[in-house]
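>>> Predicted structure and sequence below. I'll ask about it afterward.
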Amino acid sequence: MGFMVYQPPTGARDLLPLDVAQKQWIEERLQQVWRRWGYHRIITSTLERLDTLMAGGAIDQSTVIQLQTIDDEMLGLRPELTASIARAAVTRMAGMTYPQRLYYNANVFRRAARGSHSRQQEFYQAGVELLGAGGLRADAEVLLLLADCLHSLRLDPEEADQGTAFEGKRQSVWHVILGEAGLTRSLLSPFPATLRNAVRKAIAHLDQIALETLPLTRDLRQLALLLLSLRGHPADVLERVSNLDLTSAQQDSLNNLKSLVELVGETFAIGGDSPAPAHLLLDLSLIQTFDYYTGIVFEVISDGAAGHRVVGQGGRYDQLPGLYHPQGQSCPGIGFCLNLEDLHHVLLPTGKLPDRTPTSDWLVVPETEQAYAAAFAHAQQLRSTPKVVRVEVELGSHQTPEAIRQAARDRRITSITWVDATGMTRVEPLLEPVLGNQ
């Protein structure tokens, strides 16, 4: 009979202790920021009803990994957290004061497309949702919070000049790409319904050739090419858009966008040493994967040593919570998620992540078989010491004192406590571990 090698299923992977230590390094810094801003953790169900996960059709059902219960009810594994948190907030948190500031740290699941380069189906995300607060000030809080998160991960380049990113004085490989979903949709409204998705897709992918070949009138083709160019420095983009023949609603959206850029920029100018975000760019062709966004949308792009990578995204979704409210009552919402695998990939070459698992402070070794009770008791006493974090007990894996010492050095343990059957202890400090054994 052949030997069967057990591997995780396609699209899944195991996180070993060093992977976990590096993931926790990222998570803990993000969570410290969110708590300082007054956000509280929420944990929602991994399984949801399909209608919840599809968010009123904003999420493609084909991306949801589905499960069938014993009662033939179709459930799905969450492909993102915003819909679940919106559902929980309006159905389980009724009567609570607003705004609600919530954060999460969880895994999400998406069915891999056939023929896709990556077959990954499980991902880790951490993010925030600000519910019950609409408008300019809430948008600004979320963008400033995002900047603080990037700063907490030590993503500010060491050689950065003083100044604000919004004035172009601070050099960074990080970019926050900001768009406005409602304004972009309205600017696309003149296109025939049969061609609108094709135009939108071509603009999103910077595909000028596709725009040139679509059966559009001369005026519509010029409009499409103009929309294609609405990305770059905020002042330049805002000026180009203001020259269009805008409706009053479009003009209001544009004014709000301009005020948001100014408010965030002024905050950093006043703050001085406060963490400036990466270079802010406006992009009115920005389209997110999930189609429930109604206001600003944004992405965090890394152009560092690990290459070009989207490490986070978010936006405003004022219609989504109303889908789950028993009376359909609307509730504004905005949030963002950071993709932990992408952050890990970007941070790994920088040397900021831990390169080894945490070291135990002590190894407690019973000198005889009869000394184990005393050794376990002493180890527990050491663990109760405020400054000591990790204590291991030697379980008889090594036969000689020197083998025990070498094993401790290999694990970078610098102190051994020998315990005899009477409970007497003897502390032996170890030399620093040899590099070749680390």
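Structure's in. What do you need? The structure presented is a predicted model; accordingly, all values stated were derived computationally and were not measured. Residues are numbered from 1 along each chain as shown.

>>> gap between Leu430 and Gln61?
59 Å (C-beta to C-beta, to the nearest Å). Every residue, glycine included, has its C-beta placed from N, CA and C.

>>> For the chain, which segments count as helices?
Secondary structure of the chain by DSSP state H: the helices cover 17-36, 50-53, 82-92, 136-152, 181-188, 193-204, 208-213, 218-228, 234-242, 248-271, 340-347, 372-383, 401-410.

>>> Which stretch among these is buried most, on average?
Mean neighbour count, computed with mean count of other C-beta atoms under 10 Å, is highest for helix 82-92 among those, reaching a mean of 22.

>>> so how far is that helix off the chain centroid?
Relative to its chain's centre, helix 82-92 lies at 19 Å (C-alpha atoms, centre = their mean, to the nearest Å).

>>> need the contact list for Arg196.
188-189 (C-beta atoms under 8 Å, 6 or more residues apart in numbering).

>>> next one: stretch 147-158 to chain centre, how far?
14 Å.

>>> can you pull the contacts of Met96?
Counting by C-beta under 8 Å, 6+ apart, Met96 has no contacts.

>>> and if you look at Thr91?
324-326 are the contacts of Thr91 under C-beta under 8 Å, 6+ apart.

>>> same deal with Ile296?
Contacts of Ile296 by C-beta under 8 Å, 6+ apart are 139, 178-181, 257, 260, 315-316, 334.

>>> For it, give its distance to Gln399.
From Ile296 to Gln399 the distance is 66 Å (C-beta to C-beta).

>>> do Leu16 as well
Leu16 is 28 Å from Gln399, by C-beta to C-beta.

>>> so Val427 touches Leu382, yeah?
No. Val427 is not in contact with Leu382 according to C-beta atoms under 8 Å; the separation is 10.6 Å.

>>> Mind listing the shared neighbours of these two?
With C-beta under 8 Å, 6+ apart as the test, Val427 and Leu382 both reach Thr417.

>>> Looking at the contacts of Ile296, which is nearest Glu80?
Gly315 (12.0 Å; C-beta to C-beta).

>>> Give me the pLDDT for the closest one.
pLDDT recorded at Gly315 is 95.

>>> Also Val237?
For Val237, pLDDT reads 92.

>>> wait, doesn't it sit right on Leu227?
No. Val237 sits out of contact with Leu227 when judged by C-beta under 8 Å, with a separation of 11.0 Å.

>>> and the residue nearest to Arg154 when sequence neighbours are not counted, how many residues sit next to it?
Using C-beta to C-beta, 6 or more residues apart in numbering and skipping residues adjacent in sequence, the residue nearest Arg154 is Lys352, 5.3 Å away. Look at Lys352: counted by other C-beta atoms under 10 Å, it has 14 neighbours.
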